[in-house]
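Q: Structure for this input, please:
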Amino acid sequence: MTAAHRYSAVAVTLHWVIAVCILSMIPMGWWMTAAIEQPDSQALAYRVFQIHKSIGFLILALTVVRIVWRLTHRGPALPRGMKRWEAFAAHTTHVAFYTLMLALPLTGWLYVSAGWAVSQDRALEVATSWFGLFPIPHLPGVAELAAGVKRALAFQAMGAHAAMAWGAVILVALHVGAALKHQLVDRDGVLSHMVPFLKPGLKAGHEPSVSAPSSPWVERGVGVALIAVVAVAGAVAARPYAMPGLEMTRTEAPAPVSAPASGPVSAEAPVTPGTAAGWTIDSAASSIAFCGTHAGAAFKGRFERWEGQVWFDPTDLAGSKAVITVQTASARTGDPTQEGSLQGAEWFDPSRYPTARFETTGFRALGGDRYEATGRLRVRTTTVPVVLPFTFREAGGVAAVDGRLELDRTALDMGMESDATGDWVSKMIGVQIKVTARRAE
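A: Residues are numbered from 1 along each chain as shown. Have a look, this model is predicted:
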């Protein structure tokens, strides 16, 4: 069989890559929808969901490429002896496959964009990141719809998605069965169109393809490139997300920004200095970190951009004061999906409220190097009273401060639409503040 009687290298590569993706999606979808409801498997199911979404978008993109390639590169003709009904069934199956390969990812995208968990019948806003490499936005206009409309869309999209998944199972079975019939019964060489190492059948009798590829090496190069892209994406998906620890030493600190900040922090009300000694924060040796649980697994994170103004003297607690301003868009957990969700309207919503602010209202000595700061914390439009226990140690004009507290995210009105009961994200969020500062001249 000559090269003109086979599909091109690009078409073959696209066919098998999409086939592997589809075959992986079916058992993945069945398992994760049940596993996400079980506490022991919830964390793994959450990650599988993210991989499932990423593969879906890969299928969508590759299908578009495959359709364009198919329209511009004519494939091998069917055997001359094929019955008319068989030819009709073959063409119909191909059209159905293309339709499903477009409709399945699109209905999944609509479901995610609606932000509603059908299994629990409640709002659940989750961001999408393509294999952790870059964010995938929701479909435009869906987030602005009323809650009732989004709920209806979610149920309709998931119903269609599930029905078409079963349709894909049936089509795959028919497609494989037909291919084996042509190879083992008819022996007409049809399977060798898409499997390069197979020899043509004894009763081939094919019509030559009208447009043989004019540049086979270019096509092979494109095919190899597609395989490489999929391999890299798979490697990225398989890697564990890096979860930076809360216990960060000076050498381990990921260089969060404090005063002076390297990025702009939105304008706040002017700060009236305290009468106690002023301190300049060492950015590289200071950090604001947070921790909690998500989908049954612990997570840890940090804010990379923040600034602070501090006046503190153990002998002048009445004149001591601290104001910390955090850029909430800089929250990092090492999980791109978590980070994307934190940017959502029911979490930090930094597009509207770019900063959170903590300002002390008083200090109290607890004995030794232990102190307590009372203050107010504002996140978005909610302000809550806060008590921060901390230690203060000074040597040679350099002070080390270590403070820890727990915040109730429900009191801060964070994630209350999707997870008011704390089934997904813990209600209590631990916060650790480590500051190294030098006494101002």
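Q: does Gly334 really touch Arg302, like I thought?
A: No: here Gly334 does not reach Arg302: they are 9.5 Å apart, not a contact under C-beta atoms under 8 Å. Where you see a C-beta, it was placed from the backbone N, CA and C, and this is true even at glycine.
Q: Which one's more surrounded, these two?
A: Arg302 (23 against 16; other C-beta atoms under 10 Å).
Q: following the one helix or strand the more buried one maps to, which helix or strand shows up next?
A: Element membership for Arg302, per DSSP states H and E: strand 297-303. Moving toward the C-terminus from strand 297-303, the next helix or strand (DSSP H and E) is strand 306-311.
Q: so what does that next one touch, helix or strand wise?
A: For strand 306-311, the packing partners by 3 or more C-beta pairs under 8 Å, 6 or more residues apart in numbering; DSSP states H and E come out as strand 278-281, strand 321-327, strand 428-439.
Q: Could you give the average pLDDT over the next helix or strand along the chain from the shortest one?
A: Spelled out, that is strand 278-281. Downstream of strand 278-281, the first helix or strand assigned by DSSP H and E is strand 287-294. Here strand 287-294 scores 95 as its mean pLDDT.
Q: distance between strand 287-294 and the chain's centre?
A: From the chain centre to the centre of strand 287-294 is a distance of 18 Å (C-alpha atoms, centre = their mean, to the nearest Å).
Q: now that strand against strand 297-303, angle please.
A: 160 degrees (axes from the mean of the first three to the mean of the last three C-alpha atoms, to 10 degrees).
Q: CA atoms of strand 287-294 as CSV?
A: C-alpha atoms of strand 287-294 as CSV (Å, rounded to 0.1, in the frame of the first residue of the first chain):
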residue,chain,number,x,y,z
SER,A,287,6.0,36.1,55.7
ILE,A,288,2.3,35.9,56.1
ALA,A,289,1.1,32.2,55.7
PHE,A,290,-2.2,30.4,56.0
CYS,A,291,-3.4,26.8,56.2
GLY,A,292,-6.6,24.8,56.3
THR,A,293,-8.2,21.8,54.7
HIS,A,294,-9.7,21.5,51.2
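Q: what's the angle from it to strand 306-311?
A: Using the same axes, to 10 degrees: strand 287-294 against strand 306-311 is 120 degrees.
Q: picking that back up, winner for burial among the helices and strands packed on strand 306-311?
A: With neighbours taken as mean count of other C-beta atoms under 10 Å, the helices and strands packed on strand 306-311 reach their highest mean count in strand 321-327, at a mean of 23.
Q: hmm, back to that, what residues sit buried inside the strand holding Arg302?
A: 299-303 (16 or more other C-beta atoms under 10 Å).
Q: angle of it against strand 428-439?
A: With the same axes, to 10 degrees applied, the angle from strand 297-303 to strand 428-439 works out at 30 degrees.
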